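In: Got a sequence here, can you build the structure:
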Amino acid sequence: MKAQRRLALIAFGGNAMLPDDERGTQAEQMKNAEKAARLMVHIVKKGYELIIVHGNGPQVGNLLLQMEEAVTKIAPYSLDVCDAMTEGSMGFMLERAITNELRRHSIDKEVVTLVSQVLVDRNDPAFERPTKPVGPFYTKFRARELAREKKWTMVEDAGRGYRKVVPSPKPIDVVPKAIIRDLTQAGRIVIAAGGGGIPVILNGRGVYEGVEAVIDKDYASSLIAREVAVDLFIILTGIHRVFLNFRKPDEREIPVLTVDEARRYLDEGQFPPGSMGPKIRAAIEYIASGGREVLITSAEHLKAALIGRSGTRIIPA
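Out: Down below sits the predicted model:
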């Protein structure tokens, strides 16, 4: 009988390939993809089959900006199609970089990118309260025009202009989950649900329909980790460990958290919604559904975290 393979899922933000201090050129993103590939292959060398989920916020933002500049010449695409476009382009950059890195280490593995639809509930309360700003800044006049013509929700953003805001519903199913599971069990490295996946609903006729929304990539990653039953769920962030009382005089690192402790600290407000909160919630959902271990750390500390010298491990009670 063939032994079950050990599976790991790693989630990292789109700014890993497009940092704030770079122009975002294709050459820069390819270089950053190569840097990410070295980390991915290190996980493979540790004996794991690998699923990769990346963010795409900066990339979608740039694409929306390009479309706005060309709006008088080419009709713009909806947000769900922009998600698909960036899943494809970022997937290609990562796929090529990881394949080349595997070859450098004489590892015979194939890498595949899945442009992934992720199901959300069309009755999710988030659709009544759009909160996620996307795309370029507009003048007040242009914002009013777009709100009238396209029925967009526009909000003023800290004196910098007006932006479109969209809902952020919770993911409830990953459409190609069986394909992800089969590919990883066959020894393939799978890049899936980039940017949290392409948000779709089941409409009144029972068929999938794309919607203008943003799915949090940490929640989508947690959902895949649960559905595919991975052994290790890695979340990369900007700090090497989770802290209590973060950036306060009495802050302290947490090397290990049980899921019960994570819930308690979350309820106490230790992990704000706009930063560590979604990562901790995603970890809790995964562990509560039978997951084994979550590792939260930074890209720079991942190698040390994999041998227990950095990072925060979240484990069952």
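In: Pull up the gap between the residue nearest in space to the middle of the chain and residue 53, please.
Out: Geometric centre of the chain, nearest residue: residue 217, 2.8 Å, by Cα atoms, centre = their mean. According to Cβ to Cβ, to the nearest Å, residue 217 stands 6 Å off from residue 53. Yep, even glycine has a C-beta here, placed from its N, CA and C like the rest.
In: How about residue 140?
Out: Counting by Cβ to Cβ, the gap from residue 140 to residue 53 is 37 Å.
In: follow-up on the earlier one: contacting residues around the residue nearest to the centre of the chain?
Out: 11, 13, 53, 54, 55, 56, 193, 194, 195, 196 (Cβ atoms under 8 Å, 6 or more residues apart in numbering).
In: re the thing from before, for residue 140 and residue 53, work out which one has more neighbours and name it.
Out: Neighbour count, other Cβ atoms under 10 Å: between residue 140 and residue 53, residue 53 has more, with 26 against 11.
In: The host helix or strand of the more buried one - which strands sit beside it in the sheet, and in what orientation?
Out: Using DSSP states H and E, residue 53 falls within strand 49-54. The pairing partners recorded for strand 49-54 under DSSP bridges are strand 7-12 (parallel), strand 189-192 (parallel).
In: Following the chain onward from it, which element is next?
Out: With DSSP H and E, the next secondary element past strand 49-54 is helix 57-69.
In: For that next one, the averaged confidence score.
Out: Taken as a whole, helix 57-69 has an average pLDDT of 93.
In: which helices and strands does it pack with?
Out: Secondary-structure packing of helix 57-69 (3 or more Cβ pairs under 8 Å, 6 or more residues apart in numbering; DSSP states H and E): helix 79-104, strand 132-138.
In: which residues touch that helix?
Out: Here helix 57-69 has contacts from 13-15, 17-18, 24, 74, 76-77, 79, 82-83, 85-86, 89-90, 134-136, 195, using Cβ under 8 Å, 6+ apart.
In: Could you give me the PyMOL selection string for whichever of the residues you listed are buried?
Out: Only the buried members of these enter the following PyMOL selection, criterion being 16 or more other Cβ atoms under 10 Å:
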select buried, resi 13+14+15+17+18+76+79+82+83+85+86+89+90+134+135+136+195
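In: on that earlier part again, and residue 252, which of the strands paired with strand 49-54 is closest to it?
Out: strand 7-12 (25.1 Å; Cβ to Cβ).
In: What's the first helix or strand after the closest one?
Out: That would be, after strand 7-12 and using DSSP H and E, helix 26-45.
In: Report the inter-axis angle for that following helix versus helix 57-69.
Out: 150 degrees (axes from the mean of the first three to the mean of the last three Cα atoms, to 10 degrees).
In: which of the residues in stretch 54-68 are buried?
Out: 54, 55, 56, 57, 58, 59, 60, 61, 62, 63, 64, 67.
In: Please save the CA atoms from it in PDB.
Out: Taking Å, rounded to 0.1, in the frame of the first residue of the first chain, the C-alpha atoms of stretch 54-68 are listed here in PDB:
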ATOM      1  CA  HIS A  54      -0.300  33.900  -2.800                       C
ATOM      2  CA  GLY A  55      -1.900  37.300  -2.300                       C
ATOM      3  CA  ASN A  56      -2.500  39.600  -5.300                       C
ATOM      4  CA  GLY A  57      -3.600  42.900  -3.800                       C
ATOM      5  CA  PRO A  58      -0.800  45.100  -5.300                       C
ATOM      6  CA  GLN A  59      -1.000  43.300  -8.700                       C
ATOM      7  CA  VAL A  60      -4.800  43.700  -9.000                       C
ATOM      8  CA  GLY A  61      -4.500  47.300  -7.900                       C
ATOM      9  CA  ASN A  62      -2.000  48.000 -10.800                       C
ATOM     10  CA  LEU A  63      -4.200  46.200 -13.300                       C
ATOM     11  CA  LEU A  64      -7.200  48.300 -12.300                       C
ATOM     12  CA  LEU A  65      -5.100  51.400 -12.600                       C
ATOM     13  CA  GLN A  66      -3.900  50.400 -16.100                       C
ATOM     14  CA  MET A  67      -7.500  49.800 -17.100                       C
ATOM     15  CA  GLU A  68      -8.700  53.100 -15.800                       C
END
